[in-house]
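Q: got a sequence here, can you build the structure:
(one chain, ligands or ions: 1)
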Amino acid sequence: MYRIEQFLNLYFQNRERKLLLHCCCAPCSCSIIDRLLHAEVRLTIFFYNPNIYPEGEYNRRKHEIVQYAGKRGVAFVDVDYDPDRWLNYVRGHEMEKERGVRCSLCFECRLLKTAAFAAENGFADISSTLGISRRKKLEQVTDAGRRAAACYPGVTYLDYNWRKNGGVARMDEIAKHEQFYRQQYCGCMFSIKPYPK
Ligand code: SF4
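A: All right, here's what the predicted structure looks like:
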């Protein structure tokens, strides 16, 4: 048995085995989706990423995760692209370095929407794929997820470290197999510069 399965068995012990998963893109999401399905968690993908710029890049990332969700038979909630809301959310912090305050606000903006949808649609548990990338600060994502869930009584943020127990290797394996597009920057207009090799 995967150690992730043991964790999920404990986590869902007295809970409905059902999860609303905020997904940012196909490469970051694929191994998490794979592991959750393997553990027989009833999964719904929530796509809310108004940070992604420009719109063509947003559509490209969305199209790929829509395709992958369809292939895996996973329900998909597609939320409107509202970049103006995101820009207002991070206003005053535009020039922060990656992993700074702007990124905390960016995570919070997306995960608050996820938690609100969960509360309105009968999901007690949410999680996110945002923390699997080593380029992100996992604690920032976890804090944002917990803060978002705390705003909605009855909603809990599942804060498993998806990098662990082979998560990153499995992500690389699936992404290679599926020939996913590997984006060269995090997502927002302030992050458009190639990642260092
Ligand atoms: S660098 Fe990434 S996480 Fe940070 S604000 Fe931009 S899109 Fe969001």
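
Q: which other residues reach stretch 10-17?
A: If you take Cβ atoms under 8 Å, 6 or more residues apart in numbering as the criterion, stretch 10-17 is touched by 8, 40-42, 124-125, 158, 160. From N, CA and C alone the C-beta is placed, and that goes for glycine too.

Q: and the residues you listed, which of them are in strands?
A: When DSSP state E is applied, the contacts of stretch 10-17 are split such that 42, 125 fall in strands.

Q: where does pLDDT dip in this protein?
A: Scanning the chain for pLDDT under 70 picks out 1-2, 194-197.

Q: who in it is up against the ligand?
A: Within the chain, the residues that sit near the ligand (Cβ under 6 Å from any ligand atom) are 51, 98, 102-103, 106, 186-188, 190-191.

Q: just the element for Leu20, please.
A: In this assignment (DSSP states H and E), Leu20 forms part of strand 18-22.

Q: can I get the residues of the chain next to the ligand in TSV with secondary structure and neighbour count?
A: Below are the residues of the chain next to the ligand laid out as TSV (DSSP: H, G, I helix; E, B strand; the rest coil; neighbours: other Cβ atoms under 10 Å):
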residue	secondary structure	neighbour count
Asn51	coil	25
Glu98	coil	16
Arg102	helix	22
Cys103	helix	25
Cys106	helix	25
Cys186	coil	20
Gly187	coil	20
Cys188	coil	21
Phe190	helix	20
Ser191	helix	19
